[in-house]
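Enquirer: Need a 3D model of the sequence below.
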Amino acid sequence: MVLKGNTCMYSVLPAVVSALFIGYGAFVLNSRGANRVSMTFFILCMSTFLWQAAWAVLFQTENPDHAWRIVQAGYVPILFLPTTLYHFITELTRRHQDRPFVYASYLLCGVLTMLLLSTDLVIQGLYPYFFGFYPMAGELHPLYLLQTVVVVGRGVALLYLRQGVAVSTERTRLRYCLFSILIYFAAAVDYLCNYGVEFYPPGVLCIACSLGLIAQAMVRHNLLADPLFAAASIAHEVRTPLATIRSQSRVLARSLPELIAGYQRSEAPGLAPEQLRYLSEIATHIETEVARSNFIVDMLLASARAGSLQSDDFAVHSVKKCVDEAISCYPFAEAERERVRLVLREDFNFFGSDTLLVYVLYNLLKNALHAVHAAGRGNVTVECYTLQELNWLVVTDTGLGIAPDVLPHVFDPYYTTRHSGGGTGMGLAFCRKVVSAFGGAIEVESEPGRYTRFALRFPMGKSFRTIGSGEFQIASAS
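Expert: The predicted structure is shown next:
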């Protein structure tokens, strides 16, 4: 069979769109640099480019044998396109837990590709439409459609869930991206052509609009921006004024007592004894607030550093020394220190960074004390011991507890239940990243109204090999 008629005009749209996608990918890479998100977006653009370039040639081909070879080549990127989109969304939302599902979906794409190239189970022939040849769905084509619905639907769900818990600036950008993916869904109308419905396939226009909006969001609206690094940059700039405030408060601490004493000797009317007492302590209050502010700066900078952990600086450290340092340096509020109990039964060594482990303890102490304050009662216990051929560092509070629907998400980046209380949702994500880099793992268990326990487990032995992260029941040595 030979297809008759001039079909060049129908090749114009896929040819233009294929060039457009090369531009999208190059634009993002050039503007944002190479990273996991921009590279997956570039692969997404390349897949679309190869598909549309093949269709531009296909619609001008009159020989069915040649058309069949073009369809086989052009349908390979189509098979991978939904999974590549899902991969891009998992990187964008930092949903690393979904990576095994991404790899499994890529594996299925590989199987379908082999079947496409060797059998007619995926594509079984060609439709001679008015605009040119078009692939005919085979027996396994519905499996590919099901895979598309699952992975793209999962991607939409990830974007929706992430924008619901993200900080305000990131939430706006993610909603922009979510809207773009919903437009992408409209491209599914093209699959009707695979099942004998004859019309010129318009779905590529939806894909072009969708990925164009994402490209614009990534560059103009800074979709790849990490709020943590922005906060860390601001925090770094805050150090200089904090140092100035501390210096001035120390001058005040030296001079103010003499001024107050002179005022009291003069017996001048005006200030009550309570006001004079407050003035005499104001330098101490300023010094305390500066210390707290520097503590927050240190936490933000440490969290930003955890984004690119390097093991070159790791060494063997004592966990007991890290606990002692964390307790001695933590800026406890009034009476908070009395609520913290240390049960350091067995010291052990770990291979990693003592500074980062101290910051992990800072985060856990901060959360534990917040839970105790919220409950209006309770205490915090820090334990270290060896049990079941593992080393354990455990922080337990008998405070408010964590709700069952919140518990599975506590380690998700930017997940926070304290939208009005300054929470960024990065503290526990930081803890997990650090402990994992040390070859260990962190798990949590909680019972609302009774307790919350975070358990850090470290491998034993001089080799400090990375251990698995499977399920386990947190054990208490008490």
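Enquirer: pLDDT below threshold where in this protein?
Expert: Within the chain, the stretches with pLDDT under 70 are 1-7, 32, 164-173, 215-240, 242, 267-269, 288-289, 291-312, 413-426, 461-478.
Enquirer: Break it into its domains for me.
Expert: Domains of the chain are assigned by automatic domain parsing as 8-225, 229-307, 310-458.
Enquirer: could you dump the ones you listed to a markdown table with mean neighbour count?
Expert: Where C-beta positions appear, they are placed from N, C-alpha and C, glycine not excepted. As requested, the domains of the chain are exported to a markdown table (neighbours: other C-beta atoms under 10 Å):
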| stretch | mean neighbour count |
| --- | --- |
| domain 8-225 | 18 |
| domain 229-307 | 14 |
| domain 310-458 | 18 |
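Enquirer: so is residue 121 in a helix, a strand, or just coil?
Expert: coil (DSSP: H, G, I helix; E, B strand; the rest coil).
Enquirer: give me phi/psi at the nearest residue to it once chain neighbours are set aside?
Expert: Closest residue to residue 121 apart from its sequence neighbours, by C-beta to C-beta, 6 or more residues apart in numbering: residue 140 at 4.4 Å. When quoted as degrees, to the nearest 10, the phi and psi of residue 140 stand at phi -90, psi 0.
Enquirer: do the same with residue 394
Expert: According to degrees, to the nearest 10, residue 394 has phi -130, psi 130.
Enquirer: surely it meets residue 383?
Expert: Yes - if you go by C-beta atoms under 8 Å, residue 394 and residue 383 touch, sitting 4.6 Å apart.
Enquirer: then stretch 379-394 to PDB, C-alphas only?
Expert: Only the C-alpha atoms of stretch 379-394 are listed here, as PDB (Å, rounded to 0.1, in the frame of the first residue of the first chain):
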ATOM      1  CA  ASN A 379      10.800  15.300  80.000                       C
ATOM      2  CA  VAL A 380      13.400  14.500  77.400                       C
ATOM      3  CA  THR A 381      15.800  11.500  77.700                       C
ATOM      4  CA  VAL A 382      19.000  11.100  75.600                       C
ATOM      5  CA  GLU A 383      20.400   7.600  75.600                       C
ATOM      6  CA  CYS A 384      23.300   5.800  74.000                       C
ATOM      7  CA  TYR A 385      24.000   2.100  74.200                       C
ATOM      8  CA  THR A 386      24.800  -1.100  72.200                       C
ATOM      9  CA  LEU A 387      22.000  -3.600  71.500                       C
ATOM     10  CA  GLN A 388      21.300  -6.200  68.900                       C
ATOM     11  CA  GLU A 389      24.700  -5.800  67.300                       C
ATOM     12  CA  LEU A 390      24.000  -2.100  66.600                       C
ATOM     13  CA  ASN A 391      25.000   1.100  68.300                       C
ATOM     14  CA  TRP A 392      22.000   3.300  69.300                       C
ATOM     15  CA  LEU A 393      21.600   7.000  70.100                       C
ATOM     16  CA  VAL A 394      18.000   7.600  71.200                       C
END
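Enquirer: Now tell me what touches it from outside.
Expert: 319-320, 323, 327, 339-348, 350, 361, 365, 368-369, 372, 395-398, 453-460, 467, 474-478 (C-beta atoms under 8 Å, 6 or more residues apart in numbering).
Enquirer: try 6 Å
Expert: The contact list for stretch 379-394, computed with C-beta atoms under 6 Å, 6 or more residues apart in numbering, reads 319, 323, 339-346, 348, 368, 395-398, 455-458, 460, 475, 477.
Enquirer: so the residue positioned nearest the centre of the chain is in which element?
Expert: Residue closest to the mean C-alpha point of the chain, counted by C-alpha atoms, centre = their mean, is residue 94 at 3.0 Å. Using DSSP states H and E, residue 94 sits within no helix or strand.
Enquirer: One more: the one 5 residues further on?
Expert: Residue 99 belongs to helix 99-118 when assigned by DSSP H and E.
Enquirer: Does the following helix or strand past that helix pack against any helices or strands, and if so which?
Expert: Next helix or strand after helix 99-118 toward the C-terminus (DSSP H and E): strand 123-129. For strand 123-129, the contact count by 3 or more C-beta pairs under 6 Å, 6 or more residues apart in numbering; DSSP states H and E identifies strand 132-137 as packing neighbours.
Enquirer: Chain neighbours aside, what residue packs nearest to residue 61?
Expert: residue 67 (4.6 Å).
Enquirer: what's the distance between that neighbour and residue 47?
Expert: 21 Å (C-beta to C-beta, to the nearest Å).
Enquirer: cool, and residue 290?
Expert: 53 Å.
Enquirer: Repeat that for residue 86.
Expert: Taken as C-beta to C-beta, the span from residue 86 to residue 47 is 12 Å.
Enquirer: Equivalent analysis for residue 24, please.
Expert: As judged by C-beta to C-beta, residue 24 and residue 47 stand 12 Å apart.
Enquirer: Which parts of the stretch 201-350 of the chain are strands?
Expert: In the stretch 201-350 of the chain, the segments counted as strands under DSSP state E, counting those that start in this stretch are 315-318, 340-344, 349-352.
Enquirer: Could you dump these into CSV and include distance to residue 12?
Expert: Shown next, in CSV, are these (distance: least, C-beta to C-beta, whole Å):
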stretch, distance to residue 12
strand 315-318, 63
strand 340-344, 71
strand 349-352, 59
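Enquirer: Quick one: closest of these to residue 258.
Expert: Of all the strands of the stretch 201-350 of the chain, it is strand 340-344 that lies closest to residue 258, at 37.9 Å by C-beta to C-beta.
Enquirer: ok now that closest one, how far from the chain's centre?
Expert: Chain-centre distance of strand 340-344: 33 Å, with C-alpha atoms, centre = their mean, to the nearest Å.
Enquirer: elements contacting it?
Expert: Using 3+ C-beta pairs under 6 Å, 6+ apart as the test, strand 340-344 ends up in contact with strand 380-387.
Enquirer: rerun that using 10 Å as the cut-off
Expert: helix 319-329, helix 354-375, strand 380-387, strand 390-397 (3 or more C-beta pairs under 10 Å, 6 or more residues apart in numbering; DSSP states H and E).
Enquirer: mind listing what that strand pairs with, with the direction of each?
Expert: Partners of strand 340-344 in the sheet, by DSSP bridges, are strand 380-387 (parallel).
Enquirer: what is the orientation angle of the partner strand with helix 319-329?
Expert: Here the directions of strand 380-387 and helix 319-329 differ by 170 degrees (axes from the mean of the first three to the mean of the last three C-alpha atoms, to 10 degrees).
Enquirer: what inclination does strand 380-387 have with respect to strand 390-397?
Expert: Using the same axes, to 10 degrees: strand 380-387 against strand 390-397 is 160 degrees.
Enquirer: and the angle from strand 380-387 to helix 354-375?
Expert: 130 degrees.
Enquirer: Identify the residues contacting residue 57.
Expert: Listed by C-beta atoms under 10 Å, 6 or more residues apart in numbering, the contact set of residue 57 reads 11, 14-15, 66-67, 70, 73-74, 132.
Enquirer: let's see 8 Å
Expert: 11, 70.
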